[in-house]
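Q: what follows is a predicted protein model with its sequence.
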Amino acid sequence: MRVLLFLLAIFAVTAGIGTRAQAQDYPWCAIYDVGDAAYNCGFVSREQCMATVSGIGGFCNVNTHYVPPAVRLARRVRKPS
């Protein structure tokens, strides 16, 4: 019983400090030609997507839900004249 409680406590502590998993959207989606439509929006480039569907059938589309990461512009520091 103690071992079970110890393992449960370790699991609770590690689950509490872990980071939350987040799904990521990528710019390209593969739509596979299998019975019902199957989607995989995990491709960085069209070429990567096309290489995946070339052997199994399907096509690639732009992911309409993709939001590119925000770009932070560097501040320019003025040199004293």
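A: Structure's in. What do you need?

Q: only C-alpha atoms from now on, for both contacts and neighbour counts.
A: Fine.

Q: and for C41, the neighbour number?
A: Using other Cα atoms under 10 Å, C41 has 21 neighbouring residues.

Q: ok, the nearest residue to it once chain neighbours are set aside to G58 distance?
A: Once flanking residues are discounted, C41 sits nearest to C29: 3.9 Å by Cα to Cα, 6 or more residues apart in numbering. Distance of C29 to G58, computed by Cα to Cα, to the nearest Å: 10 Å.

Q: quick one, which of the two is more surrounded?
A: Set C29 next to G58 and count neighbours by other Cα under 10 Å: C29 wins out with 24 against 18.

Q: contacts for the helix or strand hosting that one, please.
A: Using DSSP states H and E, C29 maps to strand 28-32. Contact with strand 28-32 is made by 37-46, 49-50, 52-53, 56-63, as judged by Cα atoms under 8 Å, 6 or more residues apart in numbering.

Q: in its sheet, what does it sit against?
A: Using DSSP bridges, strand 28-32 pairs in its sheet with strand 38-43 (antiparallel), strand 58-62 (antiparallel).

Q: any chance of CSV for those strands, columns mean pLDDT and distance to P69?
A: Shown next, in CSV, are those (pLDDT from 0 to 100; distance: least, Cα to Cα, whole Å):
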stretch, mean pLDDT, distance to P69
strand 38-43, 91, 15
strand 58-62, 94, 16
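
Q: how about CSV for those, with distance to R72 added?
A: Below are those laid out as CSV (distance: least, Cα to Cα, whole Å):
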stretch, distance to R72
strand 38-43, 24
strand 58-62, 25
